[in-house]
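here is my input, please return the structure:
(2 chains)
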Amino acid sequence: MASIAFKRVSKAFDKHEVIKDLDLTIEDGKFTVLVGPSGCGKTTLLRMIAGLDPQTSGSVLIGGKDVSRIAPGKRGVAMVFQNYAIYPTMSVRENIEFGLVNNKVRKAEREELVEGISKAVGLYEYLERKPSTLSGGQRQRVALARAMVKKPSVFLMDEPLSNLDAKLRVQMRIELIELHKKLGATFVYVTHDQVEAMSMADTIVLMNKGVIQQEAPPDEMYRRPSNRFTAQFIGTPPMNVGELGESGSLFGFRPESAVLSEAQGDEPFSVRGVIATREMLGSETIYQVRSGSGNYMVKCSEDLFAAGQEVYVGVPAAKLHFFGEDERRIDEKESSYGKCMEALRGRSHG
Amino acid sequence: MDKQRLGETLRPYLMIAPAMAGIFLFVLYPVVFLGYLSLYDYNLMNKAKSKFIGFDNFAEIFSREDFYKSLSNTVFYTAGVVILTLLLSLLLAVWLGKKSKFNVFVQAGIFTPHVVSIVSIALVWLWMMEPNLGFLNYVLKAFGLPTSEWLQSSKSALMSVILVSVWQGIGYYVLILVAALQSISPSIYEAAALDNASKLRTFWKITLPMISPQLFFILVIMTIGSFKVFDTVKVMTGGGPNNATNTLVYYIYENRTTNIGYASATGVVLMAIIALLTFVYFRLLSRKVHYQ
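Reported below is the predicted structural model:
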């Protein structure tokens, strides 16, 4: 099996530097999701692992071995592309088999592997078909089978679910989690969808503008975002962030952390506002509350209020986040945390 | 009521009537008339002296040495032009497939002969191929290579005509193939690289099948076109020397005044050969062609 390491890696396209001096270690056997807005460099990282767009400087290590000079086909990695990149002129069987033939696997072994894998992904009846006769979901499975059959130590996936409809996407998400458990290989998965990242990852690597913002398991990423960008990228609706006053510090809270009430409570953050919009989503309701200090999104499990109603938004101390002038998280242990809390309380109740 | 229905029925036919009239007049009528002429010993000066002779013209065709000579010339010419053009245009297209300023320039250069009249091209090559004063032999001599008689020897004349035809036509086909190559998604090549496919295997198993519709199109179009070659032969050799470059269409042209019935019969034979070839191509190759 194989861990992946980036050592002071830079990548430039036509003198335009996308990634600069990046260090990152992806643990062996983990499901790592690279997530970020488009153009953040996540796909670039993935393609560097594959060797499709080698780094401009620095080194990439797979299983402790520098692969900078090794061709993509010899790195022991397999990749699932966003558009699947299935060979349209070959049958499903030939598609799955192509890599094995190139690696000079014997015919009998090849057939056994192809049949085993195709049964596992539910393509056995379609082996002799051309990809053009398959549905989107089936093509996705061909791409997966083609990657799996090579038994790679590293699976690379570039937004593999983005071309599927919503229902199939949720189903494939679960199948991928199970696949990862079964194979135990290192998975590196690129997506711009934070829900996908949260649902599948062992570790999320959140990137923006070529810089890693935070590298953490999903729950930590959600509960203790290391900066404002992370706080607002992960979660729907995103974290409410407001300014704290002259210091330039920021406070924030998740929409579900706030409590709506008709009377003012004694929470450190409490503000009066009017419900501007109400989205009833079934199990929860999302209110947009307009107040003098800004708009706040509030997610409630109960649907008690109507649009136009006047309410108080209250957030308990434990659910508040603070960010410094540089937008970095202020930890509970830091001295400025107390100051921020005081400032917020003073503003709400003063 | 009935009148209205009649109108409804007739309207579509009325609509396509002008186009159909054109097709009847300029396509079907000439073909039928060609067949009609081929059955006659036709007298152009005095129509009354024309005589229906059945299939005698065809019998004569298949018994005459010069027909077989021009047929074998045409087959040789077609094979030479089609194979050379396909190979060279494929080679050039693969080379020019990568987009760069230099490649665009080269592509424009290769395409230029296509926009020049074949008559002008044939004339220029005629001069260049002149054995004593021509440019080609001058270059060959300068490099100390053996010279050629080009169009003036029955051994090299047909090869020389093939050379000119290939040179003239190649730009167009390169253009088609470059467009085909550039339409292949790069991610397919990336997938092949990750599947550890060698360059040669990638070309053989991915590139060629992906552009097979275009290759098949070129094969069919060029075979038909080459079987009907005329202008190059007319300008450069007039079928000579010693019938070495006499092709079927030029053969028909030679017989047009002396024996129009015989010429028409040859035309029918040519039509049948081309139809048969195209049919065979579709039968043999269409399964190897991959349409998206």
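
would you map the strands across the stretch 151-300 of chain A?
A:154-158, A:186-191, A:203-208, A:211-216, A:240-243, A:250-253, A:259-261, A:269-280, A:285-291, A:294-300 (DSSP state E, counting those that start in this stretch).

buried sites along the fifth one?
So the one you mean is strand A:240-243. Across strand A:240-243, burial judged by 16 or more other Cβ atoms under 10 Å in any protein chain shown covers A:Asn240, A:Val241, A:Gly242. (Glycine included, C-beta is placed from N, CA and C.)

give me the contacts around that strand.
Strand A:240-243 has contacts (Cβ atoms under 8 Å, 6 or more residues apart in numbering or on different chains) with A:228, A:231-232, A:249-255, A:258, A:293-294, A:296-297, A:323.

mind listing what B:Leu175 touches?
Per Cβ under 8 Å, 6+ apart, neighbours of B:Leu175: B:Gln107, B:Phe111.

surely A:Glu325 touches A:Arg228?
No. Counting by Cβ atoms under 8 Å, no contact exists between A:Glu325 and A:Arg228, whose distance comes to 10.8 Å.

which of those two has more neighbours?
Each of A:Glu325 and A:Arg228 has its neighbours counted (other Cβ atoms under 10 Å in any protein chain shown); A:Arg228 has more, 20 against 10.

so the more buried one touches A:Glu327, yeah?
Yes. Assessed by Cβ under 8 Å, A:Arg228 is found in contact with A:Glu327 at 4.0 Å.

look up phi and psi at the residue of chain B found nearest chain A.
Residue nearest to chain A within chain B: B:Asn196 (2.9 Å; Cβ to the nearest Cβ). For B:Asn196, the backbone dihedrals (degrees, to the nearest 10) come out as phi 60, psi 40.

what touches both of A:Arg228 and A:Glu327?
Joint contacts of A:Arg228 and A:Glu327 (Cβ under 8 Å, 6+ apart) are A:Leu250.

before we move on, the earlier item: got a quick PyMOL command for the buried subset of the contacts of strand A:240-243?
Buried residues among the contacts of strand A:240-243 (16+ other Cβ under 10 Å), as a PyMOL selection:
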select buried, chain A and resi 228+231+249+250+251+252+253+254+255+258+296+297+323
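
flag the least confident of the contacts of strand A:240-243.
Across the contacts of strand A:240-243, the bottom pLDDT score, 83, is held by A:Ser293.

distance check, that residue against A:Ser348.
According to Cβ to Cβ, to the nearest Å, A:Ser293 and A:Ser348 sit 9 Å apart.

any chance of the buried residues of strand A:240-243 in a markdown table with pLDDT as columns?
Shown next, in a markdown table, are the buried residues of strand A:240-243 (pLDDT from 0 to 100):
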| residue | pLDDT |
| --- | --- |
| A:Asn240 | 92 |
| A:Val241 | 91 |
| A:Gly242 | 88 |
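
the contacts of strand A:240-243: which ones sit near chain B?
Applying Cβ under 8 Å from any Cβ of the partner chain, the subset of the contacts of strand A:240-243 adjacent to chain B is empty.

looking at the contacts of strand A:240-243, spot the one nearest chain B.
Looking across these and measuring by Cβ to the nearest Cβ, the closest to chain B is A:Gln232, at 32.0 Å.

show me where pLDDT drops low in the chain?
The chain I'm using is chain A. A:1, A:246, A:349-350 (pLDDT under 70).

wrong one, chain B
For chain B, the ranges with pLDDT under 70 are B:1, B:292.

residue numbers of chain B in contact with chain A?
So chain B meets chain A at B:185, B:187-188, B:190-198, B:201, B:205-206, B:209-210, B:212, B:290, B:292 (Cβ under 8 Å from any Cβ).

quick check: strands, which of those residues are part of them?
Among these, no member is found in strands (DSSP state E).

which of those residues are buried? Put it as a PyMOL command.
Per 16+ other Cβ under 10 Å, the buried members of those correspond to this PyMOL selection:
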select buried, chain B and resi 187+188+190+191+192+193+194+195+196+197+205+206+209+210+212+290
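
those helices in the stretch 51-200 of chain B, which residues are they?
Listed in chain order, the helices of the stretch 51-200 of chain B (DSSP state H, counting those that start in this stretch) span B:56-61, B:65-96, B:101-115, B:118-128, B:135-142, B:157-182, B:186-194, B:199-202.

show me which positions of the fourth one end up buried.
Same thing as helix B:118-128. Neighbour count says helix B:118-128 has B:Ile118, B:Ile121, B:Ala122, B:Trp125, B:Leu126, B:Met128 buried, by 16+ other Cβ under 10 Å.

the last one and B:Leu136 touch, don't they?
Yes. Counting by Cβ under 8 Å, a contact exists between B:Met128 and B:Leu136, whose distance comes to 5.2 Å.

OK, contacts around residue 142?
The chain I'm using is chain A. A:Tyr84, A:Ile86, A:Val92, A:Asn95, A:Ile96, A:Leu123, A:Pro131, A:Leu134.

what's the nearest residue to the last one if we skip its chain neighbours?
Taking Cβ to Cβ, 6 or more residues apart in numbering or on different chains, and ignoring the residues beside it in sequence, A:Leu134 has A:Tyr126 as its nearest neighbour in space, at 6.4 Å.

residue in the stretch 1-150 of chain A with the shortest distance to chain B?
For the stretch 1-150 of chain A, Cβ to the nearest Cβ, closest residue to chain B: A:Gly73, 2.9 Å.

so what's the residue count around that residue?
A:Gly73: 20 neighbours (other Cβ under 10 Å).

wait, what's in contact with it?
Counting by Cβ under 8 Å, 6+ apart, A:Gly73 has contacts A:Gly99, A:Asn102, B:Ala193, B:Leu194, B:Asp195, B:Asn196, B:Ala197.

ok, A:Val121 next?
A:Arg141, A:Leu144, A:Ala145, A:Met148.

ok, A:Asp193 to A:Phe233 distance?
Distance from A:Asp193 to A:Phe233, by Cβ to Cβ: 11 Å.

re earlier: which of the contacts of A:Val142 lies closest to A:Phe187?
Closest approach between those and A:Phe187, by Cβ to Cβ: A:Tyr84, at 17.4 Å.
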